[in-house]
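Peer 1: what's the 3D shape of this:
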Amino acid sequence: MNSTLKKSIQYSISLGLTGFFLYWAFADQDLDQLWTSITNIKLQWIAVITTITLSTLIIRAWRWQVLLKPFAPQVRTVDATLALAICYAANVFIPRSGEVLRTISLKWTKKAAISPVLATVVVERIMDFFWLIVFIGLALIIQRESINQAFPSLEIASILVLALSTAALIALLILSVYRERAVRLIQPGLESLFPAQLAARTLNLLNTFIEGLASLQNPLAYLQLVASSLLLNTGYVLIIYYTFIGMGFSTTYGLGFSAAVVIMAISSLGVVVPTPGGMGSYHIAFALPLQQIYGLPEIEALACATLAHALATLTYLFIGGPALFFQWWKYRVLPPP
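Peer 2: Just a heads-up that it's a prediction; the model follows:
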């Protein structure tokens, strides 16, 4: 299939899903009442939530930097932070495009090779799935009966995804440790399937990809990856917790930190759906458990979801948009010095 046609079909499906979820979330809602509920939050809580959102961006950049360090030590935390902001900003318009753009950002600014950087992106995504399931496990401990009633397939699906993500991380570790042996095993198959030049290029890409897995051999890196992942996910919980406080839900509906853990875990599933920036899918995945587990009115649950999503999206656009334009202008438009 032509690559342009394939991308067009993928984007059309993404837009279709976005329209479906947005219609599901907002159809027949009183938008004036929704807006009133959203704007009840005080500016001080918006400042707190935005600050934590920025902190999670920096923590994620630190985690990524740990993965990048063995082959791209020149990448600083600020470089990784801007690349991630570009990633999230781009995903608002074209789903998954940000993963490519963040690798290009590091190539432009720090001359980092694309293939090993992409390997770190793969590791990061598998880690995200792993920690998502860990927090869904925490959510099940907190509200197992209510969650199983509202989402009966979630527990079984979580066990399956946990097993798959763990197996994938182990496979990448083995690939990193036994790099030369893996390449030797794969080489005859590539040479029999492809012309010599293409097989050589593919092997070179595989080698550089495996190079990006080098941090998986470092015990200290494991401690840093675990610590950063715990901090990162705790930050996501705090964003929701302070959204509850800012909207008065902690007093009106008794929503505390444990409720924030449950909503963070389940709402993260909405980001997995390939919609631009999680639009629509995140709103549904956030609002439904608030309604079905904690008994919030539909309009209040949707207002909370909309506020949390809007603050995160605007933060990423505010940083990532200008960063992408500046880097594109400096490294692609202006003549080299």
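Peer 1: tell me the contacts of Ile86?
Peer 2: Contact partners of Ile86, counting by C-beta atoms under 8 Å, 6 or more residues apart in numbering, are Gly98, Leu101, Arg102, Ser105, Gly320, Ala323, Leu324, Gln327. Every C-beta, even on glycine, is put in place using the N, C-alpha and C of the backbone.
Peer 1: how confident was the prediction at the fifth one?
Peer 2: The predicted local distance difference test score for Gly320 is 95.
Peer 1: which ones are touching it?
Peer 2: Counted by C-beta under 8 Å, 6+ apart, Gly320 has contacts Leu82, Leu84, Ala85, Ile86, Cys87, Tyr88, Ala89, Ala90.
Peer 1: next, count neighbours for the residue nearest to it when sequence neighbours are not counted.
Peer 2: Leaving aside its chain neighbours, Gly320 sits nearest to Ala89 (2.9 Å; criterion: C-beta to C-beta, 6 or more residues apart in numbering). Counted with other C-beta atoms under 10 Å, the neighbours of Ala89 add up to 24.
Peer 1: surely Ala89 meets Leu324?
Peer 2: Yes: using C-beta atoms under 8 Å as the test, Ala89 is close enough to Leu324 to be in contact (6.5 Å).
Peer 1: which other residues reach stretch 168-187?
Peer 2: Stretch 168-187 is contacted by residues 122-123, 126-127, 130, 199, 203, 206-207, 210, 213-214, 216-217 when judged by C-beta under 8 Å, 6+ apart.
Peer 1: picking that back up, just the element for the residue nearest to Gly320, please.
Peer 2: Assigned by DSSP states H and E, Ala89 belongs to helix 77-91.
Peer 1: after that helix, next one along is what?
Peer 2: Trace forward from helix 77-91 with DSSP H and E and the next one is helix 97-110.
Peer 1: buried residues in that next one, which are they?
Peer 2: Residues Ser97, Gly98, Glu99, Leu101, Arg102, Thr103, Ile104, Ser105, Leu106, Lys107, Thr109, Lys110 are the ones in helix 97-110 that count as buried (16 or more other C-beta atoms under 10 Å).
Peer 1: report pLDDT for Pro195.
Peer 2: 74.
Peer 1: number of residues surrounding it?
Peer 2: 9.
Peer 1: please tell me how far it sits from Arg201.
Peer 2: Using C-beta to C-beta, to the nearest Å, Pro195 is found at 10 Å from Arg201.
Peer 1: which one is Leu67 nearest to, not counting chain neighbours?
Peer 2: The nearest residue in space to Leu67 (C-beta to C-beta, 6+ apart) is Thr120, at 4.0 Å.
Peer 1: I figured the one you found hits Glu211, correct?
Peer 2: No: applying C-beta under 8 Å as the test, Thr120 and Glu211 come out as separate, 10.1 Å apart.
Peer 1: neighbour-wise, which of the two wins?
Peer 2: Using other C-beta under 10 Å, the more surrounded residue of Thr120 and Glu211 is Thr120, with 30 against 18.
Peer 1: now that one: which helix or strand?
Peer 2: Per DSSP H and E: Thr120 is located in helix 114-150.
Peer 1: go on, Leu173?
Peer 2: Using DSSP H and E, Leu173 sits within helix 154-177.
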